[in-house]
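> Predicted model follows, preceded by the sequence.
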Amino acid sequence: MEVSAGPYKRLRIVNENEANFEKMFWQVKKPNERKTVMLKSLVNRKAAKEEFEIMRQLDHPNIVKVFESVEFSFQQCSYFGIAMEFMNLGDLRSFINMKSNQRQNERNWRENVALVLVAQVVNGLRYLHQKEILHRDLKPSNIFLGENTRLTIGDFGISDKLATTRMTKIVGTDDFLPPEAIESREENLTYSRDMWSCGIVIYMIAYLRHPFIEDNRVRTMVNICQAKTHGTDYRFPRCDALINLCLQKDVDDRVANACLLAKDHFIASLLYQLDSGVKFDNMDFSGNLAEVAQRVNAKLENDKKILKTKISSLSQQLRNGNSVNRKLEENNNSLKTKVIDLATEIKKNKSDFQKKEKNLKDAISVHEDNQDRLIEANEVLKSELRALRQQKYFLLLFYSLIF
């Protein structure tokens, strides 16, 4: 049976393994449309509307794009739904779990691949901080992956404007909270909260595990409060440098916001290439922004020349097409004239035919009248002939009697 959610047809529940009917994620589509979208559905209408109002202000390739809001019912619950773009490769948490479950020799996990994801996390977070928005719950399950290694940040359920945000209670996911939040030393929220979470996300992208989590919950909290990670190794030196900037126990030692982190020469060079449309296979991972800019500009200049050549070719084809169109127009006009002449001739022939047809009908009518008269005359002659024969008979009889 088809189930609908406002104008959408529900295809499947995305978070089907999570028994949480207060927040549902659906893959949906509109009838007669091929594109599928994600429908985040919340029972808490106030929170959902606040999240929708934040998301509809955002427009960035590394932020989940929102389309519209819808209201509907499901299993006797009323939902406020937020329709957003569907990232078909799932969330970053699932990706990390999948990679970590692979055997070491099968992972093929290189720093270059990790850095492309990290750069996009930083880029999306930089955009939010430029808009004076705190995400407050940055973690892999709120980050989504699409085609061509594209990454987007989503779930703005507890996000807020910096100017209106005050510390009234601790919000966010415990494992991603900074030491000052766990120790209740946080008086006002600042971007440093997001930067701590960003450091954890970068660590998890590189090393495919959480930097602080232990089997024992208390030990996990102690690790966070002491900023004591599970350590790093030589495989991801560039990621390690970024992690070190973010995972500082003291807020004053921590990188203040994502705008500053994006100025790291290596991140800056990757973002420059991503913004210029350079594909992963063609990226320069040297970290030398000047050389990268020179290469990208050279490529853009070459692409510009190729595009200019294509435009010139298309213009010539258009001119040729215009010439052909003119010839076709002339032929069309000539054909129209011939059609008009032919129609006139047909009309004249039709008139002549109608006259001849009338004359023929008149002749046939006269012929039929004459034929009727001939038949009548023939009958009269036959009658007269019979009378003469009778007279002849009587005369012969009379003569025979006399003589």
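Thanks, I have the structure now.
> CA only for contacts and neighbour counts going forward, please
Noted.
> residues contacting the spatially closest residue to residue 177 that is not a sequence neighbour?
Spatial nearest neighbour of residue 177, chain neighbours left out: residue 197 (6.8 Å); criterion: CA to CA, 6 or more residues apart in numbering. Residue 197 sits next to 137-139, 176-178 when contact means CA atoms under 8 Å, 6 or more residues apart in numbering.
> In the stretch 201-350 of the chain, where is pLDDT below threshold?
Counting by pLDDT under 70, the ranges of the stretch 201-350 of the chain that qualify are 289, 292, 296, 300.
> residue ranges of the strands in the stretch 101-250 of the chain, please?
133-134, 143-145, 151-153, 160-161 (DSSP state E, counting those that start in this stretch).
> Against which helices or strands is the first one packed?
Contacts of strand 133-134 with other secondary structure elements, assessed using 3 or more CA pairs under 8 Å, 6 or more residues apart in numbering; DSSP states H and E, are made with strand 160-161.
> could you give me the average pLDDT of the strand it packs on?
The average of the pLDDT scores along strand 160-161 is 62.
> taking the contacts of residue 197 as a set, which two sit the farthest apart in space?
139 and 178 (12.7 Å; CA to CA).
> circling back to that earlier point, winner for burial among the strands of the stretch 101-250 of the chain?
strand 151-153 (a mean of 27; mean count of other CA atoms under 10 Å).
> So what's the gap between that strand and the chain middle?
Put simply, strand 151-153 sits 16 Å off its chain's centre (CA atoms, centre = their mean, to the nearest Å).
> ok, now stretch 133-149?
Using CA atoms, centre = their mean, the offset of stretch 133-149 from its chain centre is 19 Å.
> Buried ones in it, by neighbour count?
Within stretch 133-149, the residues that count as buried by 16 or more other CA atoms under 10 Å are 133-141, 143-145.
> same check, this time on stretch 83-102
Quick answer for stretch 83-102 (16+ other CA under 10 Å): 83-87, 91-93, 95-96, 99-100.
> and which of those is nearest residue 338?
Using CA to CA, the buried residues of stretch 83-102 come closest to residue 338 at residue 85, 57.9 Å.
> check contacts around the closest residue to that closest one other than its chain neighbours.
Of all residues not flanking residue 85 in the chain, residue 37 sits nearest, at 5.0 Å (CA to CA, 6+ apart). Going by CA under 8 Å, 6+ apart, residue 37 touches 27-29, 83-86.
> strand partners of the strand or helix carrying residue 37, parallel vs antiparallel please.
In the assignment (DSSP states H and E), residue 37 maps to strand 36-42. Sheet pairing for strand 36-42, assigned by DSSP bridges, gives strand 23-29 (antiparallel), strand 77-85 (antiparallel).
> which residues touch the shortest one?
If you take CA under 8 Å, 6+ apart as the criterion, strand 23-29 is touched by 8-15, 35-43, 86.
> Please pick the buried ones from these.
The neighbour-count test (16+ other CA under 10 Å) marks 8-10, 14, 36-43, 86 as buried among the contacts of strand 23-29.
> and residue 78, which of the strands of the stretch 101-250 of the chain is closest to it?
Closest among the strands of the stretch 101-250 of the chain, once you apply CA to CA, is strand 160-161, at 24.9 Å.
> if we can go back for a sec, let's see which of the buried residues of stretch 83-102 end up in strands.
Applying DSSP state E to the buried residues of stretch 83-102, the entries found in strands are 83-85.
> What is the nearest of those residues to residue 188?
The shortest gap between residue 188 and any of these belongs to residue 84, at 31.1 Å (CA to CA).
> which ones are touching that closest one?
With contacts defined as CA under 8 Å, 6+ apart, residue 84 is in contact with 37-40, 64-68.
> How about residue 111?
By CA under 8 Å, 6+ apart, the residues touching residue 111 are 206, 235-236, 239.
> Which strands or helices does the helix or strand where residue 316 lies pack on?
Using DSSP H and E, the secondary-structure element containing residue 316 is helix 289-402. Applying 3+ CA pairs under 8 Å, 6+ apart, one finds that helix 289-402 contacts helix 265-275.
> Show me what counts as buried in the helix it packs on.
Residues 266-274 are the ones in helix 265-275 that count as buried (16+ other CA under 10 Å).
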